[in-house]
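Participant: sequence first, then the predicted structure:
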Amino acid sequence: MKLIIQIPCFNEEANLAATVADLPREIPGVDAVEILVVDDGSTDATSAVALDLGVDHVVRHRRNQGLAAAFRTGLETCLRLGADVIVNTDADNQYAGGDVPKLLAPILCGEADIVVGDRQTATLDHFSPTKRLLQRIGSLVVSRFSETDTPDAVSGFRALTADAAREINVLSSFSYTIEMLIQAGKKRLAVATVPITVNPHTRPSRLFRSIPQFLLHSLTTMVRTYTTYHPLRVFTAIGSVLLLLGAVPVIRFLYFFSQGDGAGHVQSLVIGGTAIVLGGMTLLIGLTADLVASNRRLLEMLLERERLRTIPPPSSRVQHLESSLENRTRTLSTQ
């Protein structure tokens, strides 16, 4: 079994040495451990430092494209390099490299496709009470949306099998953590969590400038990803609310009209009628979006087949993957 530990980096020349030194090079049950550095268009000497440290692979974006793009590049590169399992960690040495075997344990036992490291944020000194509360609420919402039990949904310390990596399609330009979990839940991948430790805080996060910005981006990602997989449910809910809101003033108008006083309440009819029309249009949009979602599922299966063709897994897993894709195609065609 081959493990590749990927490290997305942006201007991390100062922290990369400590991060790499903390990572294990030998793990029981793993035949080979390699390290991949994904340099996301750094303007410092991140790539040069990585090569000097003796990492096995370095790939570089010509321009900074964001954490999600770097993560996506890392997955594709790991698959092309023949990884059986992929571990993602941050370049700021936030996560303890000694916990990599903990992440791998559920995968090696065949119990999980994806494992997320739980930082146990309630115990972290550098997390303010407000941040702890928001993290807990956010993780509960993500767990609800993804139908998984993930107490630390935004943890970047996670492991996934090559099979799971082929099924994950990160589209966000902000971060991969939330979108990946929602996709995993909707695709019925087995997601597990393990408690991990963190190293002393070295610097503020570069992913967001403020908590409100982080909340806005996270909420947008959650809503967009959930709507991608359940468009009819989302648009039906919105359309139903509009229909109910429209029904109230229409009923009010009809009441006064029955009392012979309808002329003075025409505005209720106009407002209510407009809301009802908008509600009906929203329901139609939901039906259209649901048909588009069916086509998207077919395209995702075609993408998986293309990845299998261009980046074949070890022969022991080919038959299982192709059988799984055929069964899912057959199921979709009968819906």
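Facilitator: Cool, got the structure.

Participant: contacts and neighbour counts: CA atoms only from here.
Facilitator: OK.

Participant: tell me how far the nearest residue to Leu53 once chain neighbours are set aside lies from Ile251.
Facilitator: Excluding the flanking residues, the one nearest Leu53 by Cα to Cα, 6 or more residues apart in numbering is Ala17, at 6.9 Å. Distance, Ala17 to Ile251, by Cα to Cα, to the nearest Å: 70 Å.

Participant: quick one, which of these two is more surrounded?
Facilitator: Ala17 (18 against 14; other Cα atoms under 10 Å).

Participant: what about the longest helix in this structure?
Facilitator: Selection of the longest helix in the chain by residue count, based on DSSP state H, yields helix 266-310.

Participant: and that helix, what other elements does it pack with?
Facilitator: helix 162-167, helix 231-258, helix 315-333 (3 or more Cα pairs under 8 Å, 6 or more residues apart in numbering; DSSP states H and E).

Participant: my guess is Gly239 contacts Gly279, does it?
Facilitator: Yes: shown here, Gly239 and Gly279 form a contact pair, counting by Cα atoms under 8 Å, at 4.1 Å.

Participant: residue most distant from the centroid, this protein?
Facilitator: Most distant residue from the mean C-alpha position of the chain: Gly260, 58.0 Å away (Cα atoms, centre = their mean).

Participant: quick one: low-confidence residue ranges for this protein.
Facilitator: By pLDDT under 70, the low-scoring segments of the chain are 125-126, 201-211, 213-214, 262, 301, 304-305, 307-335.

Participant: domains for it, by residue range?
Facilitator: 2-227, 231-333 (automatic domain parsing).

Participant: most packed of those?
Facilitator: Mean neighbours per residue, mean count of other Cα atoms under 10 Å, is largest over these for domain 2-227, with a mean of 18.

Participant: chain center to it: distance?
Facilitator: Its chain's average C-alpha position is 10 Å from that of domain 2-227, according to Cα atoms, centre = their mean, to the nearest Å.

Participant: and the end-to-end length of it?
Facilitator: 36 Å.

Participant: thinking again about what came up before, mind listing what the residue farthest from the centre of the chain touches?
Facilitator: Residues near Gly260 by Cα atoms under 8 Å, 6 or more residues apart in numbering: none.

Participant: which SS class is it?
Facilitator: coil (DSSP: H, G, I helix; E, B strand; the rest coil).

Participant: how near is it to Val154?
Facilitator: Counting by Cα to Cα, the gap from Gly260 to Val154 is 60 Å.

Participant: equivalent analysis for Leu3, please.
Facilitator: Distance of Leu3 to Val154, given as Cα to Cα: 22 Å.

Participant: where exactly do the strands run in the stretch 1-150 of the chain?
Facilitator: Here the stretch 1-150 of the chain has its strands, by DSSP state E, counting those that start in this stretch, at 2-9, 32-40, 57-61, 85-88, 114-118.

Participant: ok and the third one relative to strand 32-40, angle-wise?
Facilitator: What it means is strand 57-61. 20 degrees (axes from the mean of the first three to the mean of the last three Cα atoms, to 10 degrees).
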